[in-house]
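[1] What shape does this take:
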Amino acid sequence: MIIISQIILQLIFINFLFQNFDQRNYSEKIPNSNLSIEMIFIPGGEYTMGNKKSNANTQVSSFWMSKYEITWDIYQLFVDESFENTDLIIKTKNDIITIDGFSGPTVPYTDMSFGMGKEGFPAVNMTHFAASRFCQWLSSVTGNLYRLPTEAEWEYACRSGTSGDYYYGDDINLIDEYSWNKNNSNNSYQMVGQKIPNKWGLHDMLGNVSEWVADSYDVNIFKSKKLRNDPFIFSESKYPKVYRGGSWNDEPVSLLTHKRFYSDNSLQKRDPQIPKSQWWNTDAPNIGFRIVRVNKGYSKSHRNIFWNK
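    As a prediction, this is how the structure comes out:
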């Protein structure tokens, strides 16, 4: 068991910040491209995080989440940018944020889609660090602050007001209608948005590709039964980081709203570089990500933590 130094950050959102919260879905157009990211409004609320044996009462504030997993054509815009110790400027409505010495992804030594598809297909094989840096880049080009969802936000959005093992209920026999999994994926990820979405309109929350969340893994996350407000668990260690949802390569029994997966160095076991790449995994064709946006500012320390800076 990897022992990690953990800081539990309680991101307590002040109620007045949400009095004028825009509760509409919207499309985030990416400048200098014909691409956009569809964002779904997720109303805040309280739920029981975890399974029926290990659970914790959790309060989550409102946020937006991308309707689909981030696709290769969108991720490639970030990869193709030329960054090398660049000062990244993020201009929001209320602030100007300068990120010193920003660098972008290295060019991978092979096609990281492994021939499974690019346009409209989920991007995979990026590290947790790279997914966080994508959010930083996207924030700079759009003026809205994006990041990976916390584990609590991800599960809350996935459940979409339900309490079963799957976001449609508990009947595993229906899983193929809602997900791409080992039984129906033909050993490959699939184009996003083809399966039935959950009640809040989010596609592929279970199956297709697993999704990075912001948190570090903590085996004791459900020990406390007290109400937790917007919990987030952080460690500076590279491993273990949490990913959720299960993938095209997982059995249906693993595609649960509450099941947790965590990373280790096996995700880079075929990486020939020394040291290993901070941008690319060679053995994670089943892990991608989606993004969230909240209607609040962050302190510099919180921004740096969420963006893996």
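[2] Can you tell me the SS state at Pro275?
    Following DSSP: H, G, I helix; E, B strand; the rest coil, the label given to Pro275 is coil.
[3] make that Phe129, sorry
    helix.
[4] What is the burial count for the nearest residue to Arg228 once chain neighbours are set aside?
    Spatially, and ignoring its direct neighbours in sequence, Arg228 is nearest to Thr58 (5.0 Å; Cβ to Cβ, 6 or more residues apart in numbering). From N, CA and C alone the C-beta is placed, and that goes for glycine too. Using other Cβ atoms under 10 Å, Thr58 has 22 neighbouring residues.
[5] can you confirm Thr58 is in a helix?
    No. Going by three-state DSSP, the assignment for Thr58 is strand, not a helix.
[6] Residue numbering should commence at 51 henceforth.
    Got it, the first residue is 51 from now on, which makes the last one we talked about Thr108.
[7] State the distance from it to Met99.
    4 Å (Cβ to Cβ, to the nearest Å).
[8] overlap in contacts of these two?
    202, 206, 278 (Cβ atoms under 8 Å, 6 or more residues apart in numbering).
[9] want to throw the residues you listed into CSV with secondary structure?
    Shown next, in CSV, are these (three-state DSSP):
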residue, secondary structure
Ala202, helix
Tyr206, helix
Arg278, strand
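[10] Among those, name the buried ones.
    Buried members of these, counted by 16 or more other Cβ atoms under 10 Å: 202, 206, 278.
[11] Please convert these to CSV, extending it with distance to Glu261 and pLDDT.
    Compiled in CSV, those are given as follows (distance: Cβ to Cβ, whole Å; pLDDT from 0 to 100):
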residue, distance to Glu261, pLDDT
Ala202, 14, 96
Tyr206, 14, 98
Arg278, 21, 87
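[12] what's the closest of those to Gln318?
    Nearest to Gln318 among these, counting by Cβ to Cβ, is Ala202 at 27.4 Å.
[13] Could I get the shared contacts of Thr108 and Met99 in a markdown table, plus columns for distance to Ser77?
    Output for the shared contacts of Thr108 and Met99, formatted as a markdown table (distance: Cβ to Cβ, whole Å):
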| residue | distance to Ser77 |
| --- | --- |
| Ala202 | 26 |
| Tyr206 | 23 |
| Arg278 | 32 |
